[in-house]
Each structure stands twice: as structure tokens, then as C-alpha cells.
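Trainee: how would this look folded up:
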Amino acid sequence: MAIDLFADIGKPDSKLHPQFLSVRNLPGYAPARNLIRELQKNFADPDGNFVEQFQTFGFDARTFEFFLFVMLEDAGHEVDRSHDRPDFLITKDGLTAAVEAVTANPQSEGTIQPYLNFPKGGCVLDAIEHLEQTIPIRLGSPLYSKLKKKYWTLPQMQGKPLILAIQDFHTAGALLSTSSGLGRYLYGQGQVWWHDEDGNLVIEGHALAQHKLGTKRIPSGYFNQPDAENISAVLFCNTGTMAKFNRMGHQDMYYDERVRMVRWGTCYRHDPNAAMPAPFVYEVGDPEMDMETWRQGTVLFQNPNALHPLPSEWFGAALEEELVDGARICTFAEPFLPYASMTQIFVDAPLALVQQFGDAQIQGLLSIFPE
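Mentor: Next up is the predicted model:
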């Protein structure tokens with residue numbers, strides 16, 4: 001039975017998630033509202049609590065789960081949600097696999113967590129610690145908890161690959177983190193780089209034993225942990241959010257003339273000797289721009305020890321990584337690979353203001369990531 005994510009659940013607005021209220025009420029989110037109403041017609045809720053959680057304390061996690069459903073269908077999978085665990089069974093080309101959604105969340109007592117201000121920028125050493133220690137621990141904890149669930153023992157899971165799909169909501173600004181930190185943890189491998197005398201980029205991997213944050217320690221190499229052979233791959237995502245639905249609606253059939261959106265961020269630089277990403281900025285819905293895809297912003301890490309390995313490029317992520325003879329090999333499904341981005345919404349704003357805003361963002365990014 002189809003669900004209505006905007007149905008009245010009998011709670012006052014003070015008990016609803018502030019981001020849900022924005023999506024439900026504000027004109028700037030009209031493209032997302034209209035697109036979601038269309039997409040939800042094919043979405044099933046086996047637990048019966050999806051709508052309530054989407055509108056209250058589970059807004060982020062349920063948005064990510066809904067995004068996965070849409071992204072998987074768009075990738076050509078037949079999606080089955082008839083079981084309460086795992087979240088999805090997907091079938092394509094004669095192969096059936098399971099997908100379980102995972103989120104890293106802030107400390108909670110079961111109440112709505114308001115969005116906080118972005119943390120102030122730190123020094124280079126803070127950024128390195130965030131990449132090498134904070135992200136592996138914040139994402140490693142929920143992934144390890146899912147490992148303890150032993151989904152592969154369920155009757156509907158026998159002989160099937162299992163993919164864990166994770167998105168980071170543990171703190172303000174977490175969605176601006178890239179997949180690099182997670183890759184270090186999954187493979188237990190760090191990387192150092194330098195340019196040789198001819199200007200060629202050299203990348204060298206080295207084994208990692210652990211990650212530490214304060215007094216907490218976790219072993220590195222998730223794919224090497226006991227029982228981890230039952231996890232075929234881990235999907236990283238940092239775009240399974242309402243901003244994604246808003247952009248996807250606005251660039252296509254639910255374009256709203258009152259609304260303008262500017263998206264800016266960093267992306268992969270197509271230069272084999274580049275060590276820094278490239279900046280980008282564009283207005284959503286610009287007919288001269290390639291349209292955003294549902295898989296954009298997803299990275300699939302293949303488990304080299306998987307009991308049931310996935311065929312290459314079967315899942316449908318924008319980027320796949322695998323470990324081959326100690327080296328991490330990347331396969332791109334499309335040329336534009338954003339690492340992180342933000343989307344600014346304008347309602348009934350003059351074109352000059354939107355252009356001025358976009359110019360300011362690209363100049364700021366160019367000062368950090370020069371071409």
C-alpha cells in the first residue's frame with residue numbers, strides 16, 4: 001500500500017522535525033515536495049512507522065532510506081521491501097542481493113535532534129585527524145553494530161550478497177566529509193602521496209592497525225574483522241538528503257519558476273597528477289548543465305574477502321573501489337564526481353543576486369583549490 005509522507009499524524013508542529021516542517025511548508029522546497037509525492041507511490045512500509053519517523057526524530061535516516069529506494073530503482077533493480085530485515089532485497093540480471101541502510105547519528109535520548117551551527121574551521125592537523133581518526137570511528141561504530149546483527153543468518157538471506165549503505169549525520173557539517181576516511185577504515189590502509197621530480201603524482205599505501213579518538217580505540221580493517229566476509233560491500237553516500245530531492249525535482253519535471261538554486265562544492269579533478277579536487281558552481285536547472293543523477297554522490301567499496309562478491313558495476317554506484325594486490329582501484333560510472341557540496345535556495349530573487357552569490361562561492365573555492 002502506498003504511503004503519504006506528508007500525511008497528518010496528529011502531532012503539533014512543535015513535535016515535528018524542523019527540517020520536515022521546512023520541506024512541508026516553504027516555497028523553496030516545492031520541487032522536493034512534488035517529486036516525493038510522485039515517488040512515494042511505489043514505496044512500501046513493512047514496519048508501519050516510516051511516516052511518523054520521517055516527520056519526527058528519524059527524519060534524516062528515513063530520508064536516506066527513501067533515497068536508497070529511489071536510487072536502486074533508477075539503477076535498474078527490482079526492489080523488494082516485503083521483509084522487515086534487511087531494508088531491501090534487490091534483483092537485477094538474475095542476481096538478488098540485500099541492502100541495509102545505516103546512519104551515524106548524534107548522541108540521542110530518542111528526541112528530535114535540532115540542526116546545529118557548523119563547527120568553526122580548524123587547522124590542517126585538525127582536518128587530518130578528522131579524516132584519519134574521527135570519520136573511521138564515527139562510521140565504524142554503526143557498521144560494527146550492523147555486523148553483530150548477523151543478517152546473513154535470516155532465511156531470506158541465504159546465499160545472497162549483503163551491502164551496508166551508510167550516511168553520516170553524527171554532527172553538523174558531517175555530510176561535507178568525503179569517502180576517503182571510510183575507505184581507510186574498511187581496507188585498513190592509509191595512503192601517502194608526493195610528486196616526483198617530473199611532477200608525476202605518486203601514491204603509496206601502508207597498513208593501518210587502529211584508529212583512535214580521545215580514549216576510544218577501534219581496530220582498522222573492517223573487511224578483515226571476524227564475520228565481515230558476509231558483507232559483500234559498503235556503500236558510502238553524502239547526498240541522500242532533502243537537498244538532493246529538491247535539486248532532482250527542480251532540474252526536471254517539477255521546475256518552479258519562483259525558485260532558484262545554486263549548488264557549489266568540490267569534485268574530482270581529471271588530471272592524473274592532481275592532488276587537490278576541483279571547485280564547481282552551477283545553477284540547478286541550467287539547460288547547459290548535465291542533469292544530476294540519483295547515483296551521484298555514492299561510492300561502493302567492494303570487500304576483497306567477500307563470501308558472495310558482487311559483479312563489477314552491478315550495483316549502480318557512481319564510483320566503485322576495490323583492493324587489488326594491495327592497490328585501491330577506482331572505476332567511474334560518470335565523469336562528474338562531486339566530493340561535497342552545498343545548495344543555496346532563493347525564492348523570488350533577482351537574477352543578479354543569484355549570479356553574484358554564485359560568483360562569490362566560486363571565487364572562495366578557487367582561493368582554496370586553485371586550478
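Trainee: So for residue 309, what's the nearest residue that isn't a sequence neighbour?
Mentor: Ranked by Cβ to Cβ, 6 or more residues apart in numbering and with sequence neighbours excluded, the top spatial neighbour of residue 309 is residue 232, at 6.1 Å. In this view, the C-beta of every residue, glycine as well, is placed from N, C-alpha and C.
Trainee: what residues are up against the one you found?
Mentor: 97, 161-163, 302-303, 306-310 (Cβ atoms under 8 Å, 6 or more residues apart in numbering).
Trainee: give me the number of residues near the closest residue to residue 338 other than its chain neighbours?
Mentor: Closest residue to residue 338 apart from its sequence neighbours, by Cβ to Cβ, 6+ apart: residue 267 at 4.7 Å. Burial of residue 267 is recorded as 18 neighbouring residues (other Cβ atoms under 10 Å).
Trainee: Let me see the backbone angles for residue 267.
Mentor: phi -140, psi 170 (degrees, to the nearest 10).
Trainee: pretty sure it is in contact with residue 332, am I right?
Mentor: No: in this structure, residue 267 is not within contact of residue 332 by Cβ atoms under 8 Å, at 11.6 Å.
Trainee: okay, the closest residue to residue 223 other than its chain neighbours: pLDDT?
Mentor: Spatial nearest neighbour of residue 223, excluding adjacent residues (Cβ to Cβ, 6+ apart): residue 303 at 4.7 Å. What the model reports as pLDDT for residue 303 is 98.
Trainee: Residue 303 - how many residues pack around it?
Mentor: 27.
Trainee: tell me the contacts of it?
Mentor: Neighbours of residue 303 in contact, by Cβ under 8 Å, 6+ apart: 186, 223, 228-229, 231-234, 309.
Trainee: ok, what's across the strand from the residue nearest to residue 338?
Mentor: residue 278, residue 338 (DSSP bridges).
Trainee: From residue 363, how far out is it?
Mentor: Residue 267 sits 17 Å away from residue 363, taking Cβ to Cβ, to the nearest Å as the criterion.
Trainee: go on, residue 94?
Mentor: According to Cβ to Cβ, residue 94 stands 51 Å off from residue 363.
Trainee: Residue 133 and residue 210 touch, don't they?
Mentor: No: taking Cβ under 8 Å as the definition, residue 133 is not a contact partner of residue 210, at 9.5 Å.
Trainee: quick one, phi/psi of the closest residue to residue 3 other than its chain neighbours?
Mentor: Of all residues not flanking residue 3 in the chain, residue 45 sits nearest, at 5.1 Å (Cβ to Cβ, 6+ apart). With angles defined as degrees, to the nearest 10, residue 45 sits at phi -130, psi 90.
Trainee: Next, count neighbours for residue 45.
Mentor: Around residue 45 there are 17 residues (other Cβ under 10 Å).
Trainee: now swap in the one 10 residues further on and tell me
Mentor: As a burial measure, the neighbour count of residue 55 was computed by other Cβ under 10 Å and equals 24.
Trainee: Of residue 133 and residue 210, which one has the most company?
Mentor: Looking at residue 133 and residue 210 with other Cβ under 10 Å, you find the greater number of neighbours at residue 133, namely 21 against 13.
Trainee: Now that one, what are its backbone angles?
Mentor: phi -120, psi -50.
Trainee: what's the answer for residue 323, then?
Mentor: According to degrees, to the nearest 10, residue 323 has phi -100, psi 120.
Trainee: Give the bridge partners for it, please.
Mentor: Taking DSSP bridges as the rule, residue 323 bridges to residue 328.
Trainee: and it, what does it touch?
Mentor: Per Cβ under 8 Å, 6+ apart, neighbours of residue 323: 187, 189, 302, 304, 329.
Trainee: Pull the contacting residues for the last one.
Mentor: Residue 329 makes contact with 321-323 under the criterion Cβ under 8 Å, 6+ apart.
Trainee: if I look at it, how far off is residue 301?
Mentor: 11 Å.
Trainee: By pLDDT, give me the weakest of the contacts of residue 329.
Mentor: Out of the contacts of residue 329, that is residue 323, at 90.
Trainee: Need the CA coordinates for the longest helix anywhere in the chain. PDB is fine.
Mentor: Longest helix in the chain by number of residues (criterion: DSSP state H): helix 351-368. C-alpha atoms of helix 351-368 as PDB (Å, rounded to 0.1, in the frame of the first residue of the first chain):
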ATOM      1  CA  LEU A 351      18.900  37.000 -11.300                       C
ATOM      2  CA  ALA A 352      21.700  39.500 -10.500                       C
ATOM      3  CA  LEU A 353      21.600  38.400  -6.800                       C
ATOM      4  CA  VAL A 354      21.800  34.700  -7.700                       C
ATOM      5  CA  GLN A 355      24.700  35.300 -10.100                       C
ATOM      6  CA  GLN A 356      26.600  37.500  -7.600                       C
ATOM      7  CA  PHE A 357      26.200  34.700  -5.000                       C
ATOM      8  CA  GLY A 358      27.500  32.000  -7.400                       C
ATOM      9  CA  ASP A 359      30.500  34.200  -8.400                       C
ATOM     10  CA  ALA A 360      31.300  34.700  -4.700                       C
ATOM     11  CA  GLN A 361      31.200  31.000  -4.000                       C
ATOM     12  CA  ILE A 362      33.500  30.000  -6.900                       C
ATOM     13  CA  GLN A 363      36.000  32.700  -6.000                       C
ATOM     14  CA  GLY A 364      36.100  31.500  -2.400                       C
ATOM     15  CA  LEU A 365      36.600  27.900  -3.600                       C
ATOM     16  CA  LEU A 366      39.300  28.900  -6.100                       C
ATOM     17  CA  SER A 367      41.300  30.500  -3.300                       C
ATOM     18  CA  ILE A 368      41.400  27.100  -1.500                       C
END
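Trainee: Alright, that wraps it up for me.
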